[in-house]
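J.: Could you look at this predicted model? Sequence included:
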Amino acid sequence: MRFIGTLLVLTTLTLAASACQAVARPTTETPLELAETTGEPSPLRPTITPVPTITPSPMATATPVPIMAEGAEEIYLPLVNTEATHTANAPLEPTPTRRPKPTPTPERLLLRTDLPALTLPEWPRPVNDNGMCIHLSRNQYPSPEEIDRDIARLQAMKMRWALVLYADENILHMAAPKFAAAGIVPVWRKMLRPYEAYHGGWARDVQIVQQYGLPPYFQLYNEPSLDQEWYERGGKPEWDDFIDNLMDATEEVYNAGGFVGWQFINQEWLDRALDELERRGGEQVLGRFFFVAHSYGNNHPPEYDLDIHSVLGWRFFAQQFQDRYGVVPPIIVGEGGWRIGNDQDANFPPIDANMHRDYHVEVFRWFQTGILSNGEPLPDYLFAFCPWLLSAPMDDSAWFDSYAGDRVMTIEAVKRMPAFVRKFSWDQ
């Protein structure tokens with residue numbers, strides 16, 4: 001009996017211990033079921049950040065897919081145990097597919113379609129064109145008296161082109177009719193830094209120039225890769241702060257009926273700009289496009305053609321267009337020539353007054369003889385050569401009004417050149 005009693009007690013204790021273990025054992029189901037029935041948060045449910053649900057559009061309706069902004073991070077849904085959170089009959093939420101970030105598509109240029117592309121003979125040029133030109137001044141706010149004085153100087157040297165810096169539409173209204181009356185064709189350069197936009201101003205300025213009967217040659221920006229053009233931004237050129245301004249200006253000038261002139265001193269920047277023009281579908285601009293080269297001779301003679309640091313340096317940009325498109329647009333050298341005292345290349349003597357005179361006269365004779373200083377034929381696409389600089393009090397490169405004195409020898413030699421009209425291949 002004592003043995004039987006002891007056995008019953010042990011059996012009872014064993015059953016009780018088993019029951020306790022059954023109650024205390026954790027499960028994954030019970031807390032979720034309690035949370036659903038009591039409304040209390042479950043300590044085991046993962047915290048999920050809500051993600052906007054993307055509802056697929058019906059096949060019959062094409063909905064544009066928004067483009068992700070460059071640099072934005074892709075958002076992925078957290079992995080979820082769908083068996084624990086959905087009933088058997090509820091549709092399962094699709095798991096998003098991981099995909100690479102899309103490359104932003106640049107905004108296409110919206111260009112009018114009624115403007116014909118111009119062949120070289122169709123480009124407007126001055127009457128009795130001789131290709132002789134000069135960069136007028138560094139002053140973007142010239143007075144009427146200064147314009148009258150400088151036009152008289154151009155006429156005395158028989159120059160038919162000019163590169164003219166201007167500040168605003170008031171300068172255009174004042175100066176354009178004066179150049180038109182003198183028979184001189186300006187290339188207008190609006191004073192802008194590469195990071196500055198000019199929305200709406202380009203189209204207005206083109207209309208003003210056309211109003212006075214002048215062909216609308218406009219240079220858009222100047223030496224954008226040069227540190228000096230960015231001095232207000234720390235002197236560091238920033239491509240992204242420039243290229244949209246150039247594309248906007250290109251679109252606006254073209255649509256206004258103007259001639260689009262790009263200026264670069266860096267061939268890589270020119271290639272990148274042409275790449276961007278093509279990405280934005282703007283190739284038709286090239287039918288009414290010209291390039292402004294800056295071809296300084298340093299202390300190299302006129303025949304020097306080994307690198308871009310010469311008055312023949314524009315040929316390197318011409319080859320760039322030829323290699324890319326099979327044709328070369330009109331090229332106008334908007335700055336160039338020589339400065340007295342330049343001695344950058346130790347293999348050549350410094351520039352003196354005699355060289356300054358003889359070298360500049362020789363460049364202008366290209367247009368008279370049809371032969372470049374290196375013996376090559378003058379190409380039809382080179383429209384004009386504009387040395388730097390006609391007038392500036394604080395620039396010793398200026399031919400007039402400089403603190404260093406007037407470059408009398410050069411001025412008088414150019415005045416003595418015989419009058420001539422430049423001949424193109426189609427004139428032969």
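T.: It's in. Numbers count the residues shown, from 1 in each chain.

J.: what sits against the residue positioned nearest the centre of the chain?
T.: By C-alpha atoms, centre = their mean, the chain has its centre lying nearest to residue 243, at 3.1 Å. Residue 243 makes contacts with 272-273, 276, as judged by C-beta atoms under 8 Å, 6 or more residues apart in numbering. Where you see a C-beta, it was placed from the backbone N, CA and C, and this is true even at glycine.

J.: In helices only, show me these.
T.: Among those, the ones falling in helices (DSSP state H) are 272-273, 276.

J.: who wins for neighbours among these?
T.: residue 273 (20 neighbours; other C-beta atoms under 10 Å).

J.: how far away is that residue from residue 254?
T.: Distance, residue 273 to residue 254, using C-beta to C-beta, to the nearest Å: 15 Å.

J.: Just confirm residue 351 contacts residue 342, I think it does.
T.: Yes. Applying C-beta atoms under 8 Å as the test, residue 351 and residue 342 come out as touching, 4.7 Å apart.

J.: Now list whatever residues contact both of the two.
T.: residue 299.

J.: Could you check which of the two has the larger neighbour count?
T.: Relative neighbour count places residue 351 above the other of residue 351 and residue 342, with 22 against 19, counting by other C-beta under 10 Å.

J.: contacting residues for that one?
T.: Per C-beta under 8 Å, 6+ apart, neighbours of residue 351: 299, 338-343, 359.

J.: which of the residues you listed tops the neighbour count?
T.: residue 338 (27 neighbours).

J.: how many neighbours does the closest residue to residue 264 other than its chain neighbours have?
T.: Using C-beta to C-beta, 6 or more residues apart in numbering and skipping the chain neighbours, the partner closest in space to residue 264 is residue 270 (4.2 Å). For residue 270, the count of nearby residues is 19 (other C-beta under 10 Å).

J.: need the contact list for residue 270.
T.: Per C-beta under 8 Å, 6+ apart, neighbours of residue 270: 262, 264, 317, 320.

J.: residues in contact with the helix or strand harbouring the first one?
T.: Secondary structure assigned from DSSP states H and E places residue 262 in strand 259-263. Residues outside strand 259-263 that contact it (C-beta under 8 Å, 6+ apart): 123, 187, 215-224, 246, 250, 253-254, 270, 273, 285, 288-294, 332, 334.

J.: Restricted to strands, list those.
T.: 187, 217-220, 289-294, 332, 334 (DSSP state E).

J.: List just the nearest of those to residue 326.
T.: residue 289 (14.6 Å; C-beta to C-beta).

J.: Quick check: pLDDT value at the closest one.
T.: In this model, residue 289 is scored at 98, pLDDT.

J.: For it, grab the count of nearby residues.
T.: Neighbour tally, residue 289, other C-beta under 10 Å: 22.

J.: Would you mind listing the residues in contact with it?
T.: Contacts of residue 289 by C-beta under 8 Å, 6+ apart are 259-262, 329.

J.: If we use 10 Å, what do you get?
T.: 117-118, 250, 253-254, 259-262, 277, 282-283, 321, 329-330 (C-beta atoms under 10 Å, 6 or more residues apart in numbering).

J.: so it bridges to which residues?
T.: residue 260 (DSSP bridges).

J.: so where's the protein uncertain?
T.: 1-104 (pLDDT under 70).

J.: how about the strands in it?
T.: 135-137, 161-166, 185-190, 217-220, 259-263, 289-296, 331-337, 382-385, 388-391.

J.: quick one: which of those strands is nearest residue 368?
T.: strand 382-385 (12.1 Å).

J.: Quick one: distance of that closest one to the chain centre.
T.: Chain-centre distance of strand 382-385: 23 Å, with C-alpha atoms, centre = their mean, to the nearest Å.

J.: for stretch 160-179, same thing?
T.: 24 Å.

J.: again, but for stretch 415-428
T.: Counting by C-alpha atoms, centre = their mean, stretch 415-428 comes out at 35 Å from the chain centroid.

J.: Would you mind pulling the contact partners of that stretch?
T.: 119-121, 125, 127-132, 153, 156-158, 160, 361, 364-370, 377-384.

J.: Now the buried members of those.
T.: Among the contacts of stretch 415-428, those buried by neighbour count (16 or more other C-beta atoms under 10 Å) are 120, 125, 129-132, 153, 157-158, 160, 364-368, 378-384.

J.: ok so, going back, which among the ones in helices among the contacts of residue 243 gets closest to residue 142?
T.: For those, the nearest to residue 142 is residue 273 (29.9 Å; C-beta to C-beta).

J.: How many neighbouring residues does the closest residue to residue 250 other than its chain neighbours have?
T.: With sequence-adjacent residues excluded and distances taken as C-beta to C-beta, 6+ apart, residue 250 is closest to residue 260, at 5.3 Å. Neighbourhood size, residue 260 [other C-beta under 10 Å]: 27.

J.: next one: residue 191
T.: Neighbours around residue 191, by other C-beta under 10 Å: 15.

J.: Now do the same contact list for it.
T.: 138-141, 165-168, 171, 222.

J.: do residue 409 as well
T.: 352-354, 356-358, 360.

J.: One more: residue 147?
T.: Residue 147 sits in contact with 136-137, 164, 171, 174-176, 178-179, 182, where contact means C-beta under 10 Å, 6+ apart.

J.: Compile those residues into a markdown table and extend it with columns for neighbour count and distance to residue 231.
T.: Shown next, in a markdown table, are those (neighbours: other C-beta atoms under 10 Å; distance: C-beta to C-beta, whole Å):
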| residue | neighbour count | distance to residue 231 |
| --- | --- | --- |
| 136 | 29 | 23 |
| 137 | 23 | 21 |
| 164 | 24 | 23 |
| 171 | 24 | 23 |
| 174 | 14 | 29 |
| 175 | 25 | 27 |
| 176 | 23 | 30 |
| 178 | 16 | 32 |
| 179 | 24 | 31 |
| 182 | 18 | 35 |
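
J.: Nearest to residue 199 among the residues you listed?
T.: Checking those one by one against residue 199 (C-beta to C-beta), the nearest turns out to be residue 171, at 19.0 Å.
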